[in-house]
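[1] What follows is a predicted structure for the sequence shown.
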Amino acid sequence: MILSRAKPAAGSGVASQSQSSGRKKVPKMEDFLNARDYTGALIVLEFGGSKGNETEMWIGYCAFHLGDYKRAMSVYEALTHTKNPPADVPTNLACCYFFLGMYPEAQRSVERAPASRLKTRLCFHLAHKLGDEKKLMEYHQQLEDIIEDQLSLASIHYLRSHYQEAIDIYKRILLDNSPPQDSLLDLELSKREKHQIIRVLRANRYLHYTSTVEVLDNTTGTCWGLDYTTGTCWGLDNTTGTCWGLDNTTGTCSGLGNTTGTCWGLDNTTGTYWVFDNTTGTCWGLDNTTGTCSGLEYLALNVYVALCYYKLDYYDVSQEVLQVYLQQFPDSAIAINLKACNHFRLYNGKAAESELRSLMVSGEWLILYKCELLFQVQIAHLLLDQSSSSFNFGHDLIRHNLVVFRGGEGALQVLPSLVDVIPEARLNLVIYYLRQDDVAEAYELIKDLEPAVPQEYILKGVVNATMGQEKGSREHVKVAQQYFQLVGSSSSECDTIPGRQCMASCFFLLRQFEDVLIYLSSIKSFFSNDDSFNFNYAQAQAAKGNFKEAEDTFLLIQDEKVRGDYVYISHLARC
């Protein structure tokens, strides 16, 4: 999603100049717009005294950029009933509908709009949201080799999990608009900073990254629910024991109309602020601090690239690319959140939470942090509701990820209200219920979800396998086996750790234990201390009559819940 700030990036400079002058200069609307202070511009418009369609259009513009899509929608709807509404009204209204998740209404409104590049991009994204593949290809062919259209295409690639294709587009744009490397050496930068920037520029020219990440090493290991007999450890991150973190970057939220599920500003239909006025050049990316669109001001695209690398499990590469942006804009909520998520994947929840503390240095964030630690989460939420709009920027995402980083602490207070706001909230709440052995609640929450990405297929497989075990339902077990097979046999996942775990799960449910051992043996080195993996591996060894190996593996298990389970005791006695 595009996340707009009510607080301008350059407000302090304007204030100091006015104080230093002999008399105060009354700022004009254009001054606020140039500083991207949409709140200030809105106040001037509302109390300036002038009325008319042009004023209303600017009010809608400012409301939209502040993330107040409902107000912008009301303004444009009122303009449609005037005698001679401006030609841009149907397109602008359709953009508001789109960001509110009202896709049929957006479709009807955009059909009344005159032809424009924005209309093409909006129709392109509506075709994706409505699942119309024919229309999607039709509008794809109408895209041109211009920045706005290419960003829109990259966003569709991202939304369809074509991360490498999105990276290629972002790199090309960065390459075409980056200054020569020699000019970097003239900047007032330390040697280390120059080195980091040049490394990223080289990476954007398709040179080699010196990365320590391997394709098969997802860092977290992950255990995709092989242990269907006990229902234990149904998480996505069993190395940390937290079973959280399906994808903590996206959260796709920040409380600004995230019904669209448009993934952190990668939805460039409305185009990283290419919505109403391309002449302003306001913001290429995730946050309004990025400034104008020239030279190094394309830095926000590095955040997009970092997001894609995160999705591809290249967490240290993601961190390296992201650092270039953070050096210029260290207070960006989205960039800091992505950095925290990289730390969660590379290290643990405590390391991730420590990164978020930089967002909590202000009084209001500090109050929220202390309340969540010392009291109940509800108290913090009460304070949150009473805080300023600048504080609300990104708060839903931070709340969600704090639950993840803390291993599920406060899940029932935070996640239910975010289920229809952040896509990962539903999945993480399902995992929470599974960890609490509340399979019925987990099933109710996920049964109507149409899986679209591997994590969703895997989690539906886990829930169905658990339900089948508890209810003795062969139908649920069969559904689970099919989900696991879909993921494990897919070209994108077959050589990943989750993909191999899925194939092992599939064969486990089919009781083909020789095949189970083939897949588990190939990833055994990543799970030497994982109790769930060892439990499943030992059961497969026992089923094949390898009792000595099975006994040795059973004895490695430390989890008291597993050691007290009848399946564990009976298998160990048999060995």
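    Happy to help now that I have it.

[2] Only C-alpha atoms from now on, for both contacts and neighbour counts.
    Fine.

[3] what number of residues lie near residue 552?
    By the measure other C-alpha atoms under 10 Å, the count of residues near residue 552 is 14.

[4] helix or strand for it, which one?
    Using DSSP states H and E, residue 552 sits in helix 547-554.

[5] For that helix, name the packing helices and strands.
    helix 531-543, helix 566-574 (3 or more C-alpha pairs under 8 Å, 6 or more residues apart in numbering; DSSP states H and E).

[6] what mean pLDDT does the helix or strand following it have?
    On the C-terminal side of helix 547-554, the closest following helix or strand by DSSP H and E is helix 560-563. Average pLDDT, helix 560-563: 93.

[7] what does stretch 568-575 give?
    For stretch 568-575, mean pLDDT is 94.

[8] follow-up on the earlier one: so which of the helices and strands packed on helix 547-554 is the most packed in?
    helix 531-543 (a mean of 24; mean count of other C-alpha atoms under 10 Å).

[9] Helix or strand, whichever it is, which one in this structure has the lowest mean pLDDT?
    The helix or strand of the chain with the poorest confidence is helix 377-386; it has a mean of 36 (mean pLDDT, DSSP states H and E).

[10] ok now do residue 344, which residues does it touch?
    Contact partners of residue 344, counting by C-alpha atoms under 8 Å, 6 or more residues apart in numbering, are 350-352, 405.

[11] Put the buried members of those residues into a ChimeraX selection.
    If you want just the buried ones from these in ChimeraX, going by 16 or more other C-alpha atoms under 10 Å, the selection is:
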select :351,352,405
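
[12] Same list (the contacts of residue 344) but as JSON lines, adding secondary structure and pLDDT.
    Shown next, in JSON lines, are these (DSSP: H, G, I helix; E, B strand; the rest coil; pLDDT from 0 to 100):
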{"residue": "350", "secondary structure": "helix", "pLDDT": "93"}
{"residue": "351", "secondary structure": "helix", "pLDDT": "93"}
{"residue": "352", "secondary structure": "helix", "pLDDT": "93"}
{"residue": "405", "secondary structure": "helix", "pLDDT": "94"}
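
[13] Mind putting the helices and strands packed on helix 547-554 into TSV with distance to residue 59?
    What follows is the helices and strands packed on helix 547-554, written out as TSV (distance: least, C-alpha to C-alpha, whole Å):
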stretch	distance to residue 59
helix 531-543	57
helix 566-574	66
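
[14] Between the ones you listed, which one is closest to residue 437.
    helix 531-543 (15.3 Å; C-alpha to C-alpha).

[15] which residues touch the closest one?
    Outside helix 531-543, the residues within contact range by C-alpha under 8 Å, 6+ apart are 223, 226-227, 232-233, 508, 513-514, 516-517, 520, 527-528, 547, 549-551, 553-554, 556-559, 568, 571, 575.

[16] The contacts of residue 344: which two are farthest apart?
    351 and 405, at 8.7 Å, using C-alpha to C-alpha across those.

[17] Which of the contacts of residue 344 sits closest to residue 155?
    Of the contacts of residue 344, the one sitting nearest to residue 155 (C-alpha to C-alpha) turns out to be residue 352, at 26.5 Å.

[18] just the strands in the chain please.
    Per DSSP state E, the chain carries no strands over any range.

[19] Show me which helix runs longest in it.
    As assigned by DSSP state H, the longest helix anywhere in the chain is helix 454-471.

[20] Mean confidence (pLDDT) on that one, please.
    Helix 454-471 shows a mean pLDDT of 94.

[21] For that helix, list every residue counted as buried.
    Judged by neighbour count using 16+ other C-alpha under 10 Å, the buried positions of helix 454-471 are 454-469.

[22] Closest one of the residues you listed to residue 447?
    Closest approach between those and residue 447, by C-alpha to C-alpha: residue 460, at 7.7 Å.

[23] who's in contact with that closest one?
    Neighbouring residues of residue 460 by C-alpha under 8 Å, 6+ apart: 446-447, 451, 480, 483.

[24] For ChimeraX, write a command that selects the buried ones of these.
    To isolate in ChimeraX the members of the contacts of residue 460 that are buried, counting by 16+ other C-alpha under 10 Å, one can use:
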select :446,480,483
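
[25] so of the contacts of residue 460, which ones are in helices?
    Those of the contacts of residue 460 lying in helices (DSSP H): 446, 480, 483.

[26] Give me the pLDDT for the second one.
    In this case it means residue 480. Residue 480 carries a pLDDT value of 96.

[27] ok, back up a step: could you provide the ones in helices among the contacts of residue 460 in a markdown table, with additional columns for distance to residue 539?
    Listed next are those as a markdown table, based on distance: C-alpha to C-alpha, whole Å:
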| residue | distance to residue 539 |
| --- | --- |
| 446 | 28 |
| 480 | 19 |
| 483 | 22 |
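
[28] which among those residues gets closest to residue 81?
    residue 446 (42.5 Å).

[29] got a list of what that closest one touches?
    Contacts for residue 446 (C-alpha under 8 Å, 6+ apart) come out as 426-427, 430, 460.

[30] quick check: mean pLDDT across stretch 174-182?
    The average pLDDT for stretch 174-182 rounds to 70.

[31] Please apply the same query to stretch 94-109.
    In this model, stretch 94-109 has a mean pLDDT of 95.

[32] ditto for stretch 507-524
    96.

[33] Buried residues, it. List them.
    By 16+ other C-alpha under 10 Å, the buried positions in stretch 507-524 come out as 507-509, 512-513, 515-517, 519-520, 523.

[34] The residues you listed: which two are farthest apart?
    509 and 523 (18.9 Å).

[35] Nearest to residue 357, out of the helices and strands packed on helix 547-554?
    Residue 357 sits nearest to helix 531-543 of all these, at 32.3 Å, using C-alpha to C-alpha.

[36] can you tell me which residues contact residue 441?
    Residue 441 sits next to 430, 433 when contact means C-alpha under 8 Å, 6+ apart.

[37] Looking at it now. What's its pLDDT?
    For residue 441, the pLDDT comes out at 95.

[38] State the distance from it to residue 466.
    12 Å (C-alpha to C-alpha, to the nearest Å).

[39] ditto for residue 538
    For residue 538 relative to residue 466 (C-alpha to C-alpha), the value is 19 Å.

[40] Number of residues surrounding residue 345?
    When neighbours are counted by other C-alpha under 10 Å, residue 345 comes out with 25.

[41] Please apply the same query to residue 176.
    Residues lying near residue 176 (other C-alpha under 10 Å) number 12.

[42] now swap in residue 491 and tell me
    Neighbour count for residue 491, taken as other C-alpha under 10 Å: 11.

[43] Under the pLDDT cut-off, which ranges of the stretch 351-500 of the chain? List them.
    360-393 (pLDDT under 70).

[44] If you could redo that for the stretch 151-300 of the chain, that was the one I meant.
    Short version for the stretch 151-300 of the chain, where the test is pLDDT under 70: 179-297.

[45] Run a quick neighbour tally on residue 87.
    Burial measure for residue 87: 12 neighbouring residues, criterion other C-alpha under 10 Å.

[46] To clarify, my last question referred to residue 160.
    Residue 160 has 13 neighbours, counted by other C-alpha under 10 Å.

[47] Stretch 68-79: which residues count as buried?
    In terms of neighbour count (16+ other C-alpha under 10 Å), stretch 68-79 has its buried residues at 68-73, 75-76, 79.

[48] again, but for stretch 153-166
    Buried, per 16+ other C-alpha under 10 Å, within stretch 153-166: 153-159, 161-166.

[49] Next one: the nearest residue to residue 442 once chain neighbours are set aside from residue 463, what distance?
    Nearest residue to residue 442, sequence neighbours excluded (C-alpha to C-alpha, 6 or more residues apart in numbering): residue 430, at 4.7 Å. Counting by C-alpha to C-alpha, the separation of residue 430 from residue 463 is 8 Å.

[50] between these two, what contacts are shared?
    Common contacts of residue 430 and residue 463 (C-alpha under 8 Å, 6+ apart): 442-443.
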